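Undergrad: The following block contains a protein sequence and its predicted model.
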Amino acid sequence: MSKLRVAVLGAKGRIGSEAVRAVEAAEDMELVAALGSGDKLETLVETGAQVAVELTTPASVMGNLDFCVRHGIHAVVGTTGWTDERLAQLNTSLAASPETGVLIAPNFSIGAVLTMKFAEVAAPYFESVEVVELHHPNKVDAPSGTATRTAQLIAAARERAGSAPQPDATVTALDGARGADVDGVPVHAVRMRGLLAHQEVLLGGEGETLTIRHDSLHHSSFMPGILLGVRRVVDAPGLTFGLEHFLDLN
Ligand SMILES: NC(=O)C1=CN([C@@H]2O[C@H](COP(=O)(O)OP(=O)(O)OC[C@H]3O[C@@H](n4cnc5c(N)ncnc54)[C@H](O)[C@@H]3O)[C@@H](O)[C@H]2O)C=CC1
Ligand SMILES: O=C(O)C1=N[C@H](C(=O)O)C[C@H](O)C1
């Protein structure tokens, strides 16, 4: 069987360098390009890359994906910064290249994907729910893509269930004290030396609380998800948002 020809964009970054090693170690894949900032995207075409793993920055991701989709190169995307406008733009590019697949995964770790699923299931059963994400201090965006997605899933589940708005008597608050409002769910971001990527979903009801916590302790936690994404995206034309769709969790 021929090996999948894989490129990594953001290859010198924290997760990108780990992804380079994971692709190199995968028996069914060949690393054909490892691109950093300033490297030419034409290399992807010259090396015959079939899948690009996109792990750069919110500022770079759209340009990189536009190139990949125009050249029929599938993409597995971990980079954050996704808005409705950006997703619409990507869908427009994909419509012109209907055989190309793009997976955007807010988080590649199995534990984080399950945290999102468990939070979505639990949210309608509690009056209160807030998300706290904790990351290393070099992270450039807040709140994290994972926390944003978690809050969106929670909000959608509560809306489907007809849940009442969350109780909150706050009248005066210092700016930011109640976190960011993501679809009505407060999201708090902690940046601290010593941490990598962590999240708690706090749920509260009459006389009880439930905490769902996930910790990524090393970038290796993201690698099985990236490799799964690479293997599956070649047979998944269009946009897939969330690794759960490749884990048959839905
Ligand atoms: N979905 C997931 O499971 C995960 C997602 N991430 C996300 O991945 C992204 C990268 O995270 P880190 O590795 O921590 O950041 P980083 O800053 O360590 O790495 C980003 C790398 O991309 C490079 N870069 C910038 N523009 C580029 C371009 N046009 N072409 C090629 N390379 C370019 C930078 O020079 C840098 O080396 C962030 O958005 C982060 O939130 C990080 C970990 C897990
Ligand atoms: O920047 C990071 O490190 C991470 N980014 C992603 C996010 O914003 O959710 C995934 C994970 O939390 C690590």
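TA: Alright, I've got the coordinates. For clarity, every value in this text was computed on a predicted model and none was experimentally measured. Ligands and ions are numbered 1, 2, ... in the order given.
Undergrad: can you tell me the helix or strand for the residue minimising distance to the centre of the chain?
TA: Nearest residue to the geometric centre of the chain (CA atoms, centre = their mean): P106, 1.0 Å. Taking DSSP states H and E as the definition, P106 sits outside all helices and strands.
Undergrad: where do the strands sit along this structure?
TA: 4-9, 29-35, 51-54, 74-77, 101-104, 128-135, 180-182, 185-191, 197-205, 208-216, 238-241 (DSSP state E).
Undergrad: I'd like those strands as a markdown table, with distance to ligand 1 and mean neighbour count appended.
TA: C-beta here means a position set from N, CA and C on the backbone, and glycine is covered the same way. Listed next are the strands of the chain as a markdown table, based on distance: least, CB to the nearest ligand atom, whole Å; neighbours: other CB atoms under 10 Å:
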| stretch | distance to ligand 1 | mean neighbour count |
| --- | --- | --- |
| strand 4-9 | 5 | 26 |
| strand 29-35 | 5 | 20 |
| strand 51-54 | 8 | 27 |
| strand 74-77 | 8 | 28 |
| strand 101-104 | 8 | 25 |
| strand 128-135 | 8 | 22 |
| strand 180-182 | 16 | 15 |
| strand 185-191 | 12 | 19 |
| strand 197-205 | 6 | 20 |
| strand 208-216 | 7 | 15 |
| strand 238-241 | 12 | 17 |
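Undergrad: what would the ones you listed look like in CSV with mean pLDDT?
TA: Shown next, in CSV, are the strands of the chain (pLDDT from 0 to 100):
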stretch, mean pLDDT
strand 4-9, 98
strand 29-35, 98
strand 51-54, 99
strand 74-77, 98
strand 101-104, 98
strand 128-135, 98
strand 180-182, 98
strand 185-191, 98
strand 197-205, 98
strand 208-216, 98
strand 238-241, 98
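Undergrad: Figure out which of those is closest to T148.
TA: Judged by CB to CB, the one of the strands of the chain that comes nearest to T148 is strand 180-182, at 5.6 Å.
Undergrad: Pull up the pairing partners for the closest one, direction included.
TA: Sheet partners assigned to strand 180-182 using DSSP bridges are listed as strand 185-191 (antiparallel).
Undergrad: how distant is the strand it pairs with from the center of its chain?
TA: How far strand 185-191 lies from its chain's middle: 16 Å, per CA atoms, centre = their mean, to the nearest Å.
Undergrad: CA-only coordinates of it in CSV, if you can.
TA: This file holds the C-alpha atoms of strand 185-191, laid out as CSV (Å, rounded to 0.1, in the frame of the first residue of the first chain):
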residue,chain,number,x,y,z
VAL,A,185,-21.7,30.8,28.9
PRO,A,186,-19.0,32.6,31.0
VAL,A,187,-15.5,31.5,29.9
HIS,A,188,-12.4,32.3,32.0
ALA,A,189,-8.8,32.1,30.7
VAL,A,190,-5.8,31.5,33.0
ARG,A,191,-2.2,31.9,31.6
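Undergrad: quick check, that strand touching ligand 2?
TA: No - judged by CB under 6 Å from any ligand atom, strand 185-191 stays clear of ligand 2, getting no closer than 9.7 Å.
Undergrad: What lies in contact with that strand?
TA: By CB atoms under 8 Å, 6 or more residues apart in numbering, the residues outside strand 185-191 that reach it are 129-137, 139, 142-144, 147-148, 151, 154-155, 166, 178-181.
Undergrad: can you pull the contacts of the nearest residue in space to Q89 that is not next to it in sequence?
TA: Leaving out its chain neighbours, the residue that sits closest to Q89 by CB to CB, 6 or more residues apart in numbering is M62, at 6.8 Å. Contacts for M62 (CB under 8 Å, 6+ apart) come out as R86, Q89, L90.
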